[in-house]
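Asks: Need a 3D model of the following:
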Amino acid sequence: MLHYTPPLRELRFVLHEVLDAARQLQALPDHAAIDTATLDALAEEAGRFAAQRILPVNAAADAAGCRWADGEVSMPAGFADAYRAYCELGWPAICADARVGGQALPTLVFSVVNELVASASHAFVMIAAINHCAAACLRHSASAALQAQWLPGLASGRVLSSMCMTEPQAGSDIGLLTTRAVPGDQGSYRVSGSKIFASGAEHDLSDNIVHLVLARTPGAPAGSRGISLFLVPKRLEGGERNGVHCDGIEHKMGLHGSPTCALRFEHARGWLVGELHAGLPAMFPMMNEARLLSGLQAVGLSELALQNARGYALERRQGRSPAGRQPCALVEHPDVQRMLLTQKAWTEGGRALVHWAALLIDQARSHPDADQARAAGELLGLLTPIIKGFLSENAQQSISLALQTFGGHGYMRDTGIEQLVRDARVITLYEGTTGIQGQDLLLRKVLGDGGRRLELLQAQVRDWLAGPGSSAAMAEFAAPLARLRDELQSLTSTLGARERETPGAALAASTVFLRLAGHLVLAWLWARMAQASLEGAGRGDAWYALKLETARFYFTQMLPETQALRAAALAPATDTGALLAASH
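Replies: Presented below is the predicted three-dimensional model:
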């Protein structure tokens with residue numbers, strides 16, 4: 001069975017010694033009262049809840065799965081009690097506005113809480129955290145009347161939500177969807193069509209579920225320009241069932257405790273969210289929050305895998321150590337050390353990135369300086385595909401290495417590691433695959449705005465290199481970081497010229513570019529973590545010493561991946577589609 005100790009010291013290090021989060025938040029009028037003690041107390045309470053109430057139901061939920069019968073879904077045993085306790089403790093309301101019953105805490109708190117919850121159960125966080133994403137959508141685009149009607153229920157957790165985008169014939173190509181919405185009575189619409197892959201769209205945890213549904217109105221333009229967004233509740237006011245039917249749940253590789261539903265809408269009453277034919281922009285806040293949530297899931301699952309792999313490597317005795325001890329603890333083998341340090345580097349670097357992104361959300365939303373708020377929002381836009389694409393891919397490697405550390409025992413269900421491998425696999429798929437994130441980053445976020453957002457990131461790296469990074473103690477981190485910064489800038493210019501000459505030519509390099517950009521961000525964050533660790537390591541504190549060695553491992557053993565990536569990105573692009581088709 002899996003064990004989990006909330007990584008509170010790791011969180012304190014990132015929040016206070018690297019991000020200086022309390023001071024950053026205190027510069028925002030909305031969060032001026034937040035201090036380090038408040039952040040620590042919230043993390044401690046959330047970690048206790050995750051470890052004591054959620055983790056114990058996770059393995060059984062995976063084994064039993066969700067059950068569908070006659071259009072209704074029953075959640076695994078223990079989930080209802082855990083979710084009820086989650087709501088009673090006020091966790092759904094932490095970031096909701098005070099006017100709808102929320103606690104109006106910063107997004108950073110949501111980020112910390114849900115990293116911990118994701119570690120305890122990926123399936124549970126899929127249900128528990130989606131309301132935060134749906135509320136962001138409604139705050140951004142819904143009418144005042146819709147907000148007043150639905151935001152309080154979302155904040156309390158009495159109402160849950162789902163995102164209904166995908167259709168059997170329209171996966172990532174949303175423009176192909178055929179769900180229809182025709183005007184009805186009293187300003188409503190009648191929605192008809194089918195959706196698949198709708199996470200948490202039917203269950204027995206709440207009396208009502210708000211579905212946010214993309215559909216096409218009569219006479220709408222073709223493609224994505226003709227899509228509108230509608231709020232379609234499972235139950236109408238007064239408790240009457242709406243025309244929403246669950247035709248089944250998907251039988252998945254993992255995430256068995258989370259129902260992924262096939263929904264059928266039959267003249268279901270819905271209400272327009274945002275403007276007609278502007279459904280994608282209206283849904284973007286929910287999609288982007290979900291992409292950031294994917295990063296939290298990647299970090300949370302990687303942390304759980306790392307803790308268990310490290311514990312096993314310390315206890316299991318197998319083989320001869322380099323010093324000649326036999327049998328020795330697995331952790332004495334150099335290759336096991338390599339696997340554990342790789343997991344640590346991805347997990348701890350990812351943690352710094354996701355919580356920095358959450359801090360940027362808070363700054364973009366409420367910084368009193370309009371220019372700083374705008375810059376934070378633009379930088380967040382650049383980081384979102386990196387968090388979704390880079391961290392989700394790193395989690396696959398990290399959790400796979402945890403299984404490898406266990407050897408054959410990791411492949412057995414008893415240890416719980418194989419569940420993490422299965423559960424984590426979907427993170428690279430939903431909310432846009434890694435390839436889609438790469439295209440979004442390179443074509444829209446970098447080349448599409450002339451590199452303006454990338455320059456915001458580059459400026460932060462340059463400032464660090466000119467400041468703390470200029471000391472002799474930081475040279476081992478600053479030199480490779482500066483080199484990667486320059487190489488990414490040069491590659492961006494090359495790909496931009498290639499794209500201007502032949503539109504679409506840069507597509508082949510987009511996923512590689514995302515990975516390079518991810519390394520730049522992580523290298524900068526690891527350099528900052530090394531800087532923060534030097535003083536503690538100098539005092540003989542082994543915790544800081546290991547952090548410093550992990551930074552060195554990342555720079556010497558993992559960052560060199562960028563050289564192969566850069567060579568691949570610069571290689572001439574070839575169109576092998578015809579050859580692949582001919583060889584079939």
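Asks: Stretch 456-469 - what's its average pLDDT?
Replies: For stretch 456-469, mean pLDDT is 96.
Asks: Could you do stretch 477-485 as well?
Replies: Mean predicted confidence for stretch 477-485 is 98.
Asks: List the buried residues in that stretch.
Replies: Buried residues in stretch 477-485, defined by neighbour count with 16 or more other CB atoms under 10 Å: 477-478, 480-481, 484-485. Any C-beta I mention is one placed from the backbone N, CA and C, and that applies to glycine too.
Asks: count of residues packed around the closest residue to Arg216 other than its chain neighbours?
Replies: Sequence neighbours aside, Gly226 is the residue nearest to Arg216 in space, at 5.5 Å (criterion: CB to CB, 6 or more residues apart in numbering). As a burial measure, Gly226 scores 17 neighbours (other CB atoms under 10 Å).
Asks: contacting residues around Gly226?
Replies: 216-217, 220, 277 (CB atoms under 8 Å, 6 or more residues apart in numbering).
Asks: Equivalent analysis for Val125, please.
Replies: Neighbours of Val125 in contact, by CB under 8 Å, 6+ apart: 114, 117-118, 293, 296-297, 300.
Asks: So which of those residues belong to helices?
Replies: If you go by DSSP state H, the contacts of Val125 have 114, 117-118, 293, 296-297, 300 in helices.
Asks: most neighbours, which of these?
Replies: Using other CB under 10 Å as the neighbour criterion, Ala118 leads the ones in helices among the contacts of Val125 with 31 neighbours.
Asks: Can you point out the buried residues in the helix or strand hosting Ala41?
Replies: For Ala41, the host element (DSSP states H and E) is helix 36-49. Buried residues in helix 36-49, defined by neighbour count with 16+ other CB under 10 Å: 39-40, 42-43, 46-47, 49.
Asks: By neighbours, which of the contacts of Gly226 wins?
Replies: Among the contacts of Gly226, Arg216 has the most neighbours (other CB under 10 Å), with 21 neighbours.
Asks: Just to check, that one is in contact with Thr179?
Replies: Yes: when contacts are counted by CB atoms under 8 Å, Arg216 is listed as touching Thr179 (6.7 Å).
Asks: Confirm Ile209 sits in a helix?
Replies: No: going by DSSP: H, G, I helix; E, B strand; the rest coil, the assignment for Ile209 is strand, not a helix.
Asks: mind pulling up the phi and psi values for the residue nearest to it when sequence neighbours are not counted?
Replies: In this structure, Ile209 finds its nearest non-sequential neighbour in Lys234, 4.3 Å apart by CB to CB, 6+ apart. In terms of degrees, to the nearest 10, the main-chain angles of Lys234 are phi -60, psi -40.
Asks: sorry, back to before: which among the contacts of Gly226 gets closest to Arg139?
Replies: His277 (20.9 Å; CB to CB).
Asks: List the contacts of that closest one.
Replies: 217, 220-221, 225-228.
Asks: how would you label His267: helix, strand or coil?
Replies: His267 ends up strand, using three-state DSSP.
Asks: burial count for it?
Replies: His267 has 13 nearby residues by other CB under 10 Å.
Asks: where does the stretch 251-400 of the chain have low pLDDT?
Replies: Along the stretch 251-400 of the chain, no part satisfies pLDDT under 70.
Asks: so what's the nearest residue to Glu266 once chain neighbours are set aside up against?
Replies: Once flanking residues are discounted, Glu266 sits nearest to Gly243: 4.2 Å by CB to CB, 6+ apart. Residues near Gly243 by CB under 8 Å, 6+ apart: 191-192, 265-269.
Asks: Tell me which residue of this structure is furthest from the middle?
Replies: Gly324 (43.7 Å; CA atoms, centre = their mean).
Asks: element containing that one?
Replies: Going by DSSP H and E, Gly324 is not part of any helix or strand.
Asks: any idea how far it lies from Leu340?
Replies: As judged by CB to CB, to the nearest Å, Gly324 and Leu340 stand 22 Å apart.
Asks: what's the answer for Ile94, then?
Replies: For Ile94, the distance to Leu340 equals 33 Å [CB to CB].
Asks: Sort out which residues of stretch 165-174 are buried, please.
Replies: Of the residues in stretch 165-174, 165-167, 170, 174 count as buried by neighbour count, 16+ other CB under 10 Å.
Asks: Ok, stretch 456-470 next?
Replies: Quick answer for stretch 456-470 (16+ other CB under 10 Å): 456-458, 461, 464-465, 468-469.
Asks: Just checking the distance from it to the centre of its chain.
Replies: 26 Å (CA atoms, centre = their mean, to the nearest Å).
Asks: Any chance you could list what contacts it?
Replies: With CB under 8 Å, 6+ apart, stretch 456-470 has contacts from 375, 378-379, 382-383, 474, 477-478, 481-482, 485, 489, 520-521, 524, 527-528, 531.
Asks: Can you say which of those residues are buried?
Replies: 375, 378-379, 382-383, 474, 477-478, 481, 485, 520-521, 524, 527-528, 531.
Asks: Grab the two from these that are most spread out in space.
Replies: Glu378 and Met474 (27.7 Å).
Asks: All the helices of the stretch 351-500 of the chain, in order from the start?
Replies: Taking DSSP state H, counting those that start in this stretch, the helices of the stretch 351-500 of the chain run over residues 370-386, 392-406, 417-424, 434-439, 452-466, 475-501.
Asks: So which of the buried residues of stretch 165-174 sit within helices?
Replies: Counting by DSSP H, no part of the buried residues of stretch 165-174 is found in helices.
Asks: Switch those residues over to JSON lines; also include distance to Tyr430 and pLDDT.
Replies: Conversion of the buried residues of stretch 165-174 to JSON lines gives the following (distance: CB to CB, whole Å; pLDDT from 0 to 100):
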{"residue": "Met165", "distance to Tyr430": "10", "pLDDT": "92"}
{"residue": "Thr166", "distance to Tyr430": "9", "pLDDT": "92"}
{"residue": "Glu167", "distance to Tyr430": "15", "pLDDT": "91"}
{"residue": "Ala170", "distance to Tyr430": "15", "pLDDT": "81"}
{"residue": "Ile174", "distance to Tyr430": "14", "pLDDT": "82"}
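Asks: can you pull out the strands in the chain?
Replies: 67-69, 72-74, 159-164, 180-183, 189-199, 208-216, 227-233, 244-249, 260-273 (DSSP state E).
Asks: elements contacting the second one?
Replies: Strand 72-74 sits against strand 67-69, strand 244-249, with contacts defined as 3 or more CB pairs under 8 Å, 6 or more residues apart in numbering; DSSP states H and E.
Asks: what's the offset of the shortest one from the middle of its chain?
Replies: Strand 67-69 has its C-alpha centroid displaced from the chain centroid by 29 Å (CA atoms, centre = their mean).
Asks: which parts of that strand are buried?
Replies: For strand 67-69, the buried set under the neighbour-count rule, 16+ other CB under 10 Å, comprises Trp68.
Asks: got it, and the last one?
Replies: For strand 244-249, a neighbour-count test (16+ other CB under 10 Å) marks 244-246, 248-249 as buried.
Asks: just stretch 336-343 next, same as before
Replies: Neighbour-count burial for stretch 336-343 [16+ other CB under 10 Å]: 336, 339-343.
Asks: so how far is Arg483 from Lys234?
Replies: From Lys234 to Arg483 the distance is 54 Å (CB to CB).
Asks: about what we covered before: any chance of the helices and strands packed on strand 72-74 in TSV, plus distance to Ser366?
Replies: Below are the helices and strands packed on strand 72-74 laid out as TSV (distance: least, CB to CB, whole Å):
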stretch	distance to Ser366
strand 67-69	43
strand 244-249	36
